[in-house]
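Q: give the three-dimensional model of this entry:
(2 chains)
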Amino acid sequence: MDSLQALDKEAEKIVAKYDQKNAAVLPLLHLAQDKIGYITSEAEAWVSKWSEVPVVHVREVVTFYSMYHQKPVGKHHIRFCTTTSCVLTGGEKVLDHLKKKLGVANGQTTADGKISLEEAECLCACENAPMMQVDDKYYGPLDEKKVDEIVDKLK
Amino acid sequence: MEPLLSRNFNIPDAWKIGVAENRGAYQTARKVITSMKPDEVTAAVVASNLRGLGGAGFPTGKKWQFLPKDRTKPVYLVINADEGEPGTFKDRYILERDPHQLIEGIMISAFAIGSHKAYIYIRGEYVEPYQRLQAAVDEATAKNYLGKNIFGSDFQLDLVVHRGAGAYICGEETALLESLEGKRGLPRLKPPFPAIVGLFGCPTIINNVETLACVPFILKNGAEWFAKLGSVGNGGTHLFSISGHVKKPGVYELPMGTSLREMIYTHAGGIRDGRALKAVIPGGISAKILTANEIDVKMDYDSLKAVDTMLGSAGVIVMDQTTSMVKALLVACKFFAHESCGQCSPCREGTGWAYKIIQRIYNGEGDLKDLDSLLTIARNMEGRTICVFADAAAWPIQSYITKFRSEFEEYIQNYSSLRAWPPGVAKQSE
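A: Model (predicted):
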């Protein structure tokens, strides 16, 4: 909770933007996750306090949306698209390569805690299929060589 | 054709207000807000035949007219930037490359419907587009194009950019409202429609990004001019997202009613590697598939409806002769099973069972009877749920199996010889 209290000022600003406090649940969760990496029960309580939404409803929201992590993820989080255009253009082969390279399956994090991998549904960048998102950034079109270059540069 | 919506896509730094204003941004908003009456703006949008470009194709002006005349509560304008339909990526271009075009459209539209607070709901994964958009909103606010006394008038408008968190269903407008209110994105029962009871229980208009980006052009050049750009009853141009097995995937701005053949072979450069066309999804993954013999169709709402599919979000996914329709259906069913919100039983159960059955077929353990089971499941999802997600999940099942039945049957019977697509892909183990 201590590290979240450092965000109180920002939380206040977020809540003030909305006509009802409950509307701030999603942005407050984003804020907390950006700070501490995933949504802890302390984070749920902190969001509940600021949004005046019962903590059980905050929890519902956390479990509904795919972007909120309920356990720690890697320092870098990869979402690899597995929907139609990316499959048509050979994405599965590239994904298999990435899994072997990292030594992880879907939903896992590398042993050193550096990179986690998530198979995602369409990220809407099909013109660059096959594609993936690393943290905030989209990359594509990908092949095995490009994936290697991108991943090797991650610090 | 002169590009409209895409005119700034390749202009360096067009997302910055200085460059955008040099290219005419905010001039139409200034003219409208300082010299027109709100009803005149709505009348122009009605006459332009502008239709919702997010997928449903509902006439935009008509939607605005659903607002109650004797309202006492505030009106909200909500902009749907929750682009998520597989095969669609056009709104991202506007958000990233020309956000001021969108903001100007929002100003004019809010003025028309009498709204003083607007929310843009942008999908959570679009982090870079969000940053561009938020920067543009901050620039417009600093210039007092947003805020109080806009252009010296008594019109005021606050604009908040709100990030989603990864849920396809939030593109459905009432799920979007629930999500914006800080809840799970479960679509609402209608009626009441959002124009009567929307965000925070108040009258609300929800429009797509591209739809509102069209509005300044209508007010600048006239409704009749805009209507003439398209085909009958389908005004203007449209940003078509073309992907899959084409030589030049990308966003193409073309008049409503351009033929699908022309799109694939002229604009997108034809099929990759000299292969033959097998099938096309014309409007995002939810739209019923067309075979190679069905591409001489006009790409507009009415023409595609007439051939029992839809323009949807205008996400064109092209499949060449090497494509396995079994695999394509597996991928579609996985998507819908993953994204069903779980609220209605036919959808929650139906999408899950459809995915299990098609997985069984794909893994070589299918039975010919499974095809009819899939069609029965699809029939029992269609029209039996709160929102159209279940219908959207049913349409790929129905159309892939009906139009490519012999391929499915052959796959089930001769599994071992056909399973090598694409080369090297392992058996699904989920």
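Q: could you tell me whether B:I317 really is in a helix?
A: No: in this structure, B:I317 is strand, not part of a helix, as judged by DSSP: H, G, I helix; E, B strand; the rest coil.
Q: all helices of chain A, in order?
A: In chain A, the helices defined using DSSP state H lie at A:2-5, A:8-17, A:25-36, A:41-51, A:55-64, A:84-88, A:91-102, A:144-153.
Q: now those helices as CSV including distance to chain B?
A: Any C-beta I mention is one placed from the backbone N, CA and C, and that applies to glycine too. Converted to CSV, the helices of chain A look like this (distance: least, C-beta to the nearest C-beta, whole Å):
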stretch, distance to chain B
helix A:2-5, 18
helix A:8-17, 5
helix A:25-36, 3
helix A:41-51, 6
helix A:55-64, 4
helix A:84-88, 4
helix A:91-102, 5
helix A:144-153, 12
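Q: contact partners of the lowest-mean-pLDDT helix or strand in chain A?
A: When the helices and strands of chain A are compared on mean pLDDT, DSSP states H and E, helix A:2-5 comes out lowest with a mean of 83. Outside helix A:2-5, the residues that touch it by C-beta atoms under 8 Å, 6 or more residues apart in numbering or on different chains are A:A32, A:K35, A:I36, A:E42, A:A43, A:W46.
Q: tell me the pLDDT of the fourth one.
A: At A:E42 the predicted local confidence, pLDDT, stands at 97.
Q: what's the burial count for it?
A: Neighbour count of A:E42, defined by other C-beta atoms under 10 Å in any protein chain shown: 14.
Q: could you do the first one as well?
A: Summarising burial for A:A32: neighbours were counted as other C-beta under 10 Å, giving 24.
Q: buried residues in stretch B:186-204?
A: Under the neighbour-count criterion of 16 or more other C-beta atoms under 10 Å in any protein chain shown, stretch B:186-204 has B:186-188, B:194-200, B:202-204 buried.
Q: for it, output the C-alpha coordinates as CSV.
A: C-alpha atoms of stretch B:186-204 as CSV (Å, rounded to 0.1, in the frame of the first residue of the first chain):
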residue,chain,number,x,y,z
LEU,B,186,-21.4,-6.8,-20.2
PRO,B,187,-23.7,-5.6,-22.9
ARG,B,188,-27.0,-4.1,-21.7
LEU,B,189,-30.5,-5.2,-22.6
LYS,B,190,-32.1,-2.8,-25.1
PRO,B,191,-34.4,-0.9,-25.0
PRO,B,192,-33.8,1.6,-23.5
PHE,B,193,-31.2,2.6,-26.1
PRO,B,194,-28.3,4.8,-25.1
ALA,B,195,-29.8,7.9,-26.7
ILE,B,196,-32.4,7.7,-23.9
VAL,B,197,-30.5,6.0,-21.1
GLY,B,198,-26.7,5.8,-21.7
LEU,B,199,-23.7,6.8,-19.7
PHE,B,200,-24.4,7.4,-16.0
GLY,B,201,-28.1,7.1,-16.9
CYS,B,202,-28.1,10.1,-19.2
PRO,B,203,-28.8,10.5,-22.9
THR,B,204,-25.7,9.4,-24.8
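Q: flag the shaky bits of the stretch 101-250 of chain B, pLDDT-wise.
A: Counting by pLDDT under 70, the stretch 101-250 of chain B shows no low-confidence range.
Q: residue nearest the centroid of chain A?
A: Against the mean C-alpha coordinate of chain A, by C-alpha atoms, centre = their mean, the closest residue is A:M67 at 4.5 Å.
Q: isn't that one up against B:R123?
A: No: counting by C-beta atoms under 8 Å, A:M67 does not reach B:R123; the two are 9.4 Å apart.
Q: residues that sit against both of the two, list them.
A: With C-beta under 8 Å, 6+ apart, A:M67 and B:R123 have common neighbours B:G166.
Q: where does the prediction get shaky in chain A?
A: Within chain A, the ranges that satisfy pLDDT under 70 run A:1-2.
Q: what do you get if the cut-off is 90, keeping everything else the same?
A: Along chain A, segments meeting pLDDT under 90 span A:1-3, A:155.
Q: got the domain ranges for it?
A: For chain A, automatic domain parsing gives the domain ranges A:2-64, A:76-153.
Q: excluding covalently adjacent residues, which one is nearest to residue 73?
A: In the absence of a named chain, this looks at chain A. Excluding the flanking residues, the one nearest A:V73 by C-beta to C-beta, 6 or more residues apart in numbering or on different chains is A:S116, at 4.1 Å.
Q: actually, chain B is the one I wanted.
A: B:C202 (4.3 Å).
Q: then B:E409?
A: B:L368 (6.2 Å).
Q: how many other residues sit next to the residue nearest to A:V73?
A: 21.
Q: do the one 10 residues further on as well
A: By the criterion of other C-beta under 10 Å, A:C126 has 30 neighbours.
Q: need phi/psi at the closest residue in space to B:A314 that isn't next to it in sequence.
A: Leaving aside its sequence neighbours, B:A314 sits nearest to B:F240 (C-beta to C-beta, 6+ apart; 4.8 Å). Phi and psi for B:F240, reported as degrees, to the nearest 10, are phi -100, psi 130.
Q: ditto for B:V280
A: With angles defined as degrees, to the nearest 10, B:V280 sits at phi -140, psi 130.
Q: chain neighbours aside, what residue packs nearest to it?
A: That would be B:L290: by C-beta to C-beta, 6+ apart, it lies 5.0 Å from B:V280.
Q: that neighbour touches B:G283, doesn't it?
A: No: at 10.0 Å, B:L290 does not count as touching B:G283 under the criterion of C-beta under 8 Å.
Q: so those two - more neighbours on which side?
A: B:G283 (27 against 22).
Q: state the number of residues packed around the nearest residue to the more buried one once chain neighbours are set aside.
A: Closest residue to B:G283 apart from its sequence neighbours, by C-beta to C-beta, 6+ apart: B:G312 at 2.7 Å. Using other C-beta under 10 Å, B:G312 has 26 neighbouring residues.
Q: so which helix or strand takes in B:G312?
A: B:G312 belongs to no helix or strand when assigned by DSSP states H and E.
Q: pLDDT value on B:S373, please?
A: Confidence score, pLDDT, at B:S373: 98.
Q: ok, now B:R23?
A: 97.
Q: repeat for B:R419
A: 52.
Q: same check, this time on the one 5 residues further on
A: What the model reports for B:G424 is a pLDDT of 44.
Q: can you give me the strands in the stretch 251-400 of chain B?
A: B:277-281, B:290-291, B:315-320 (DSSP state E, counting those that start in this stretch).
Q: counting contacts, what elements does the last one pack onto?
A: For strand B:315-320, the helices and strands in contact under the criterion 3 or more C-beta pairs under 8 Å, 6 or more residues apart in numbering or on different chains; DSSP states H and E are helix A:84-88, strand B:237-244, strand B:277-281.
Q: 6 Å - rerun?
A: Applying 3 or more C-beta pairs under 6 Å, 6 or more residues apart in numbering or on different chains; DSSP states H and E, one finds that strand B:315-320 makes contact with strand B:237-244, strand B:277-281.
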